[in-house]
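Enquirer: I'd like to go over a predicted model; first the sequence, then the structure.
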Amino acid sequence: MNTNLQNYYIHCAEHYEEMYQRPESQTELAGIAKQLQHLLKNRKVLEVACGTGYWTELYATKANQVLATDSCAAMLAIAKAKQASDRSGTKKIDYQLADAFTEHNGPFDACVAGFWWSHIKRSEQSVFLHTIQKICGSGTVLVIFDQCYVEGTSTPIARTDSGGNTYQIRRLPDESRHEMIVNFPTDSTLRKKLAEYAQNIRIVRGTYYWLLTCVLR
Ligand SMILES: C[S@@+](CC[C@H](N)C(=O)[O-])C[C@H]1O[C@@H](n2cnc3c(N)ncnc32)[C@H](O)[C@@H]1O
């Protein structure tokens, strides 16, 4: 568990969804929402690191059932509050406090993780994929999406560790500063990492975000 990361999300929960308000990224975000609704339609979905449930409630209207997990109670509390307001589709969602490397009882035939891959240490990415494979099984659709590094817009990389992980120092409205792991993989790195666990790997890369779909072996 990355304690800096946990600490950051505890403090940023209230403001987290502001990142989805930027005018320049609205077209790409709408594209991701459309893709999720299409790919997860009629599926039993495991969502890892669901945060405030921003994407969960967008695709849950199409999915059969959703188990959405996150290790930050403050982020999950926001997701649950939306559910309590009973928007369409949210009754299908079970929100649970859990680490991304925790095993769950399925069955699932889809797994989605948004803006989570960048936070996994390169040395732990295979462990994560192995865990998902073990939980969900062969034939499961895996959807991963995350941010691209945009020169002049993204928070600069503060350092790179000996494992090749990159870190940013993010500031929150309360002026607190948090160093956190944020990796920006190339398509080729993603393909190499996923190849052992999945087939039919497709990656769509926009200016601000990339989205990978594949089928678990
Ligand atoms: C960038 S947010 C993404 C939230 C949501 N998926 C979205 O796209 O809006 C990253 C999330 O990862 C969660 N997280 C951090 N470490 C985690 C861990 N070890 N296991 C599960 N979730 C974790 C944080 O609490 C946070 O909600």
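Expert: Now that the structure is in, tell me what you want to look at.

Enquirer: Scan the protein for its longest helix.
Expert: Longest helix in the chain by number of residues (criterion: DSSP state H): helix 26-39.

Enquirer: which secondary structure elements does that one contact?
Expert: Packing partners of helix 26-39 (3 or more CB pairs under 8 Å, 6 or more residues apart in numbering; DSSP states H and E): helix 54-59, strand 110-114, strand 141-147, strand 209-216. For glycine as for every other residue, the C-beta is placed from the backbone atoms N, C-alpha and C.

Enquirer: So the helix or strand following the first one, near the ligand or not?
Expert: This means helix 54-59. The first helix or strand that comes after helix 54-59 along the chain, using DSSP states H and E, is strand 65-70. Yes: using CB under 6 Å from any ligand atom, strand 65-70 reaches the ligand at Asp70.

Enquirer: got the buried residues for strand 65-70?
Expert: For strand 65-70, the neighbour count (16 or more other CB atoms under 10 Å) marks Val66, Leu67, Ala68, Thr69, Asp70 as buried.

Enquirer: circling back to that earlier point, specify the angle between the longest helix of the chain and strand 110-114 in degrees.
Expert: Per axes from the mean of the first three to the mean of the last three CA atoms, to 10 degrees, the angle that helix 26-39 makes with strand 110-114 is 160 degrees.

Enquirer: Quote the end-to-end distance of stretch 129-149.
Expert: This stretch, stretch 129-149, spans 23 Å end to end (CA to CA, to the nearest Å).

Enquirer: Just checking the distance from that stretch to the centre of its chain.
Expert: How far stretch 129-149 lies from its chain's middle: 10 Å, per CA atoms, centre = their mean, to the nearest Å.

Enquirer: Same question for stretch 18-25.
Expert: Chain-centre distance of stretch 18-25: 17 Å, with CA atoms, centre = their mean.

Enquirer: and what of stretch 123-136?
Expert: Stretch 123-136 has its C-alpha centroid displaced from the chain centroid by 14 Å (CA atoms, centre = their mean).

Enquirer: what's in contact with it?
Expert: The contact list for stretch 123-136 (CB atoms under 8 Å, 6 or more residues apart in numbering) reads 46, 48, 100-104, 106, 108-111, 117, 120, 140, 142, 163, 193-194, 196-198, 216-217.

Enquirer: quick check, distance from the helix-or-strand element of the chain with minimal mean pLDDT to the centre of its chain.
Expert: In the chain, the helix or strand scored least confidently by mean pLDDT, DSSP states H and E is helix 3-12, which has a mean of 86. Averaging C-alpha positions (CA atoms, centre = their mean) puts helix 3-12 15 Å from its chain's average.

Enquirer: Please work out the angle formed by the directions of it and strand 65-70.
Expert: 110 degrees.

Enquirer: re the thing from before, counting neighbours, which bits of the longest helix of the chain end up buried?
Expert: Applying 16+ other CB under 10 Å to helix 26-39 flags Glu28, Leu29, Ile32, Gln35, Leu36, Leu39 as buried.

Enquirer: how near is His38 to Val143?
Expert: For His38, the distance to Val143 (CB to CB, to the nearest Å) stands at 10 Å.
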